[in-house]
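> Give me a 3D structure for the following:
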Amino acid sequence: MQVQWFTPRPDSLLGQLRSPLYMRWQAGLSLFALVALFQGPASLHRAPGSWLAPTLLAVPVFVYLYSRVYVGPRRRVDWYVAGMVATALALWACNPFGFILLILAGVVSSFSLSWRRWLVSVAVMGALALAKAWTFGDPLSVALWVVMSGLFGGFSNVAYMHSARKDAELRLSQTEVRRLATLAERERIGRDLHDLLGHTLSLVALKSELARRLALDEPARAQREMAEVERVARHALAEVRAAVTGMRRSDLASELTSARLMLEASGVAFEGGLPDGLALPDAIEAPVALVLREAVTNIHRHAGATQASVSVSFEDDMLQMRICDNGRGGLAAHGNGVSGMRERVRALGGTLAIDSPPRRGTALSIRVPGAVSASVAAERDATATAAVPASGSAA
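Numbers count the residues shown, from 1 in each chain. The predicted model follows:
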């Protein structure tokens, strides 16, 4: 039968963390302190018969209780810590370095469900260490080491758990925002389609019924009604296509917002924005937005980056967009969706350049003609408007 002692439960410390790797490493490295239980007495030339056997018995019990703090139910952490303290005090009576177990117990007591319990536990451990040192003539500074290690080591754990909890709440809120946004979009689409097709389909139904009644008595009028039905149906079809195209159309502003949500949710710092007054035709903005989406998806899935940025500018009617990350680099010229991005940019008459040295990040530089600022567009419109009466007077 497979032993499940070290498998994290869903309600355990490791089971509640989204990325428990850091905590696993911390727990494993802390156990290296147990080596001092064997090296210390040997360096003091203590006879092995007085401390070796108790140490060999106490260490497995302590390691089991220590591991249960991480993989067992969090509501039982205080009981595990109490068992660790009892084991530490029992070993300390035989091994002069047994207080190390007490220090580790004080550090992991910070994983209790209440920070007040943690402080009480550290205080109790300090009092027990002081009483033991006073009774058996050990250095009183050992009690200070137990208290200070429990406070400073425990504070780092409390800060980490607070950060992990806030991160989990942020991810949950982002998921809720996406769910509400999706729900609102579905409701809007439903309202738009109802307003768009409700009246039109009712009109089609009425005229079709009228044409059916007139088909035998007044064929000419019935043909006119059916022609009207055809015209209304074609008009409705055109409106539906226009509405669906508008729903599917992407824009740079929304893609930048989605990029920020995706990357920051996965731990990648993001910087990016659009220049004021950028005006792009729909035929250009939609493909460029899809290129941005594909590039950000590559960063999220493949780059292993911690930072990413998107800069957009325009000069001489050229849109220039640069997408950078500090990931592993080595992006293939025809892999990870690059071919699709290149085809979209090429269809717009633009160029896409890739700079992706191994282990030095990736930079995509995109240049597309057809971008003008709002001020330039307004100036051109004013010039064109002013030129019309001048031509008329010349005529």
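> The nearest residue to residue 269 once chain neighbours are set aside: what's it in contact with?
Residue nearest to residue 269 in three dimensions, not counting chain neighbours: residue 307, with 4.8 Å by Cβ to Cβ, 6 or more residues apart in numbering. C-beta coordinates here come from the backbone N, C-alpha and C atoms, glycine included. Each residue near residue 307 by Cβ atoms under 8 Å, 6 or more residues apart in numbering is listed here: 268-271, 325-326.
> quick one: low-confidence parts of the stretch 151-300 of the chain?
174-175, 192, 195-196, 199, 242-250, 265, 277 (pLDDT under 70).
> With the stretch 1-150 of the chain instead?
For the stretch 1-150 of the chain, residues meeting the criterion pLDDT under 70 lie at 1-6, 18-19.
> If we use 50, what do you get?
Filtered on pLDDT under 50, the stretch 1-150 of the chain yields the residue ranges 1-3.
> Please, where are all the helices along it?
13-16, 21-30, 36-43, 48-71, 77-92, 99-108, 115-136, 141-217 (DSSP state H, counting those that start in this stretch).
> between those helices, which one is nearest to residue 339?
helix 141-217 (29.2 Å; Cβ to Cβ).
> The closest one packs against which elements?
For helix 141-217, the packing partners by 3 or more Cβ pairs under 8 Å, 6 or more residues apart in numbering; DSSP states H and E come out as helix 99-108, helix 115-136, helix 219-248, helix 252-265.
> Point out the most buried one among these.
Compared across those, helix 99-108 shows the largest average neighbour count, a mean of 25 (mean count of other Cβ atoms under 10 Å).
> most tightly surrounded among the helices of the stretch 1-150 of the chain?
Counting by mean count of other Cβ under 10 Å, helix 99-108 has the highest mean neighbour count of those, with a mean of 25.
> what does that helix contact?
By Cβ under 8 Å, 6+ apart, helix 99-108 touches 30, 33-34, 36-37, 58, 62, 66, 69, 77, 81, 84-85, 87-89, 91-92, 121-122, 125, 128-129, 142, 145-147, 149-151, 153-154, 157.
> So for residue 316, which of the helices and strands packed on helix 141-217 sits nearest?
Set against residue 316 and scored by Cβ to Cβ, these come closest in helix 252-265, at 19.2 Å.
> got the angle between that closest one and helix 141-217?
Here helix 252-265 points in a direction 150 degrees away from that of helix 141-217 (axes from the mean of the first three to the mean of the last three Cα atoms, to 10 degrees).
> Give the buried residues for stretch 261-277.
262-263, 268, 270, 272, 274 (16 or more other Cβ atoms under 10 Å).
> then it to PDB, C-alphas only?
Below are the C-alpha coordinates for stretch 261-277, written out as PDB (Å, rounded to 0.1, in the frame of the first residue of the first chain):
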ATOM      1  CA  LEU A 261      -4.000  41.200 -17.200                       C
ATOM      2  CA  MET A 262      -2.500  38.000 -18.700                       C
ATOM      3  CA  LEU A 263       1.100  38.800 -18.000                       C
ATOM      4  CA  GLU A 264       0.800  40.400 -14.600                       C
ATOM      5  CA  ALA A 265      -1.400  37.400 -13.500                       C
ATOM      6  CA  SER A 266       1.500  35.100 -14.400                       C
ATOM      7  CA  GLY A 267       4.100  37.200 -12.600                       C
ATOM      8  CA  VAL A 268       5.400  39.200 -15.500                       C
ATOM      9  CA  ALA A 269       5.800  42.900 -15.000                       C
ATOM     10  CA  PHE A 270       4.300  44.800 -17.900                       C
ATOM     11  CA  GLU A 271       4.700  48.300 -19.300                       C
ATOM     12  CA  GLY A 272       2.900  49.600 -22.300                       C
ATOM     13  CA  GLY A 273       0.600  52.200 -23.700                       C
ATOM     14  CA  LEU A 274      -0.700  54.000 -26.800                       C
ATOM     15  CA  PRO A 275       0.300  57.500 -27.900                       C
ATOM     16  CA  ASP A 276      -2.300  60.200 -27.700                       C
ATOM     17  CA  GLY A 277      -4.300  60.700 -30.900                       C
END
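> what about the helices of the stretch 1-150 of the chain, which gets the closest to residue 279?
Proximity to residue 279, assessed across these by Cβ to Cβ, is greatest for helix 141-217 (25.2 Å).
> Show me what residue 319 bridges to in the sheet.
residue 314, residue 368 (DSSP bridges).
> Show the contacting residues for it.
Contacts of residue 319 (Cβ under 8 Å, 6+ apart): 278, 280, 284, 288, 312-313, 350, 366-371.
> Can you turn the buried part of those residues into a ChimeraX selection?
To isolate the buried members of the contacts of residue 319 in ChimeraX, using 16+ other Cβ under 10 Å:
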select :278,280,284,288,312,350,366,367,368,370,371
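> Among the contacts of residue 319, which one sits closest to residue 182?
residue 288 (24.2 Å).
> ok, and what's touching the helix or strand where residue 290 lies?
Residue 290 is part of helix 282-298 when elements are defined by DSSP states H and E. With contact meaning Cβ under 8 Å, 6+ apart, helix 282-298 is reached by 249-252, 254-256, 258-259, 262-263, 280, 308, 310, 319, 321, 323, 331, 336-337, 340-341, 344-345, 347-348, 352, 364, 366, 368, 370-371.
> likewise stretch 157-173?
The contact list for stretch 157-173 (Cβ under 8 Å, 6+ apart) reads 17-18, 22-23, 107-108, 110-111, 115, 118, 265.
> redo that, cut-off 10 Å
With Cβ atoms under 10 Å, 6 or more residues apart in numbering as the contact definition, stretch 157-173 has outside contacts at 13, 16-20, 22-23, 26, 107-112, 115, 118, 264-267.
> roughly how far out does it sit from the chain middle?
Its chain's average C-alpha position is 12 Å from that of stretch 157-173, according to Cα atoms, centre = their mean, to the nearest Å.
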